[in-house]
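# pasting the sequence and the predicted coordinates here, then a few questions.
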Amino acid sequence: MARIIDGKMISTIIKDECKEKAAALKKQGREVCLAVIQVGSDPASSVYVNNKKKACAYIGINSLSYELEEKTTQEELIELIAKLNERKDVNGILVQLPLPKHIDENAVIKAIDPKKDVDGFHPQSVGALCIGQPGFVSCTPAGIIELLKRSDVDICGKRCVIIGRSNIVGKPMALLMLRENATVTIAHSKTDDLREVCKRADILIVAMGKPKFIDASYVKEGAVVIDVGIHRNENNKLCGDVEFESVSKQASAITPVPGGVGPMTIAMLMKNCVDSIELQ
Ligand code: GUN
């Protein structure tokens, strides 16, 4: 039976480290402030945004909340971002995705000052990651690196397979694992013989968005399995992209859903917010 990598516990440790750092900054008269923008009222986005605001309150970070109407124009949104870019009292700017269809996400992300890009989505942040320069890193992949390191999983020299090539998870994850000297393969929906590719992995990171797709037949004995998926199953219970019951018998360590990768994303957002003050 695999060791469970406890994301809830590790995320709490990181949040408490952030809390200490925020308190030390406050003593020097420097307060951290995150601006959170949501356009429209997608229920899932509202849950995420509320969790981010709650985490800010826990850590002692000020948060500004902008709940804009669905019909907000791209120009109005970019105008708000420009104002927040200028404000000295705002350290981080986060625009919750997805945005309504009439708004070009890339144009909006590009409008954020890279020094305040706590989501790490700006092309400058992504480019900096690619060439090993300092900058914000997308929170979910950064959180997975913390999970592995704080669980004493050896990354250097290991074969890592990532399933998924999104801008938010798969691509930055590959760059981060490469930075840790893993041998990295990115697989995706068009990969031939996905099972055989996955079976070679010492560390398998699954971000494919298909409930319980990865069963034990995809996993090498003793591999470390990280499940980025989050879905509701037929009984309305949360599950990941990995079939936990069978894979946990094959793997040496595994993240559960819930309580694995999920809580790490917000913890790393908080870390980016506290660290942002040093960039500014
Ligand atoms: N939508 C889903 N995940 C994220 C995230 O990490 N950041 C933002 N801004 N929107 C999201």
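Yep, that arrived. Numbers count the residues shown, from 1 in each chain.
# what is residue 66 paired to in the beta sheet?
Residue 66 forms beta bridges with residue 37, as assigned by DSSP bridges.
# spit out the contact partners of it.
35-38, 80 (Cβ atoms under 8 Å, 6 or more residues apart in numbering). (C-beta placed from N, C-alpha, C; glycine too.)
# most neighbours among those, please name it.
Most neighbours among those, by other Cβ atoms under 10 Å: residue 35, with 25 neighbours.
# secondary structure element holding that one?
Using DSSP states H and E, residue 35 sits within strand 33-39.
# is any part of that strand close to the ligand?
No: taking Cβ under 6 Å from any ligand atom as the criterion, strand 33-39 and the ligand are apart, separated by no less than 8.6 Å.
# and the next helix or strand past that strand?
Counting by DSSP H and E, the next helix or strand C-terminal to strand 33-39 is helix 43-59.
# alpha carbons of that following helix, as PDB, please.
C-alpha atoms of helix 43-59 as PDB (Å, rounded to 0.1, in the frame of the first residue of the first chain):
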ATOM      1  CA  PRO A  43     -20.500  29.000  -9.400                       C
ATOM      2  CA  ALA A  44     -17.200  27.000  -9.500                       C
ATOM      3  CA  SER A  45     -15.200  30.200  -9.900                       C
ATOM      4  CA  SER A  46     -17.100  31.800  -7.000                       C
ATOM      5  CA  VAL A  47     -16.100  28.900  -4.700                       C
ATOM      6  CA  TYR A  48     -12.400  29.300  -5.800                       C
ATOM      7  CA  VAL A  49     -12.500  33.000  -5.300                       C
ATOM      8  CA  ASN A  50     -14.000  32.700  -1.900                       C
ATOM      9  CA  ASN A  51     -11.400  30.200  -0.800                       C
ATOM     10  CA  LYS A  52      -8.700  32.600  -2.000                       C
ATOM     11  CA  LYS A  53     -10.200  35.400   0.000                       C
ATOM     12  CA  LYS A  54     -10.500  33.100   3.100                       C
ATOM     13  CA  ALA A  55      -6.800  32.100   2.800                       C
ATOM     14  CA  CYS A  56      -5.800  35.800   2.600                       C
ATOM     15  CA  ALA A  57      -7.700  36.500   5.800                       C
ATOM     16  CA  TYR A  58      -6.100  33.500   7.500                       C
ATOM     17  CA  ILE A  59      -2.600  34.600   6.600                       C
END
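# and that helix, which residues are buried?
By neighbour count with 16 or more other Cβ atoms under 10 Å, helix 43-59 contains the buried residues 45, 48-49, 52-53, 55-56, 59.
# and stretch 31-47, how far from the chain's centre?
Relative to its chain's centre, stretch 31-47 lies at 15 Å (Cα atoms, centre = their mean, to the nearest Å).
# can you check stretch 78-89 too?
Distance, stretch centre to chain centre, for stretch 78-89: 24 Å (Cα atoms, centre = their mean).
# residue numbers of the stretch 101-250 of the chain in contact with the ligand?
Applying Cβ under 6 Å from any ligand atom, we find that the stretch 101-250 of the chain lies next to the ligand at 119, 139.
# what about the residue of the stretch 101-250 of the chain found nearest the ligand, how many residues nearby?
Distances between the stretch 101-250 of the chain and the ligand by Cβ to the nearest ligand atom are smallest at residue 119, namely 4.8 Å. By the criterion of other Cβ under 10 Å, residue 119 has 22 neighbours.
# that one and residue 125, how far apart?
To residue 125, residue 119 is 8 Å away according to Cβ to Cβ, to the nearest Å.
# and what of residue 159?
For residue 159 relative to residue 125 (Cβ to Cβ), the value is 27 Å.
# fine, thanks again, bye for now.
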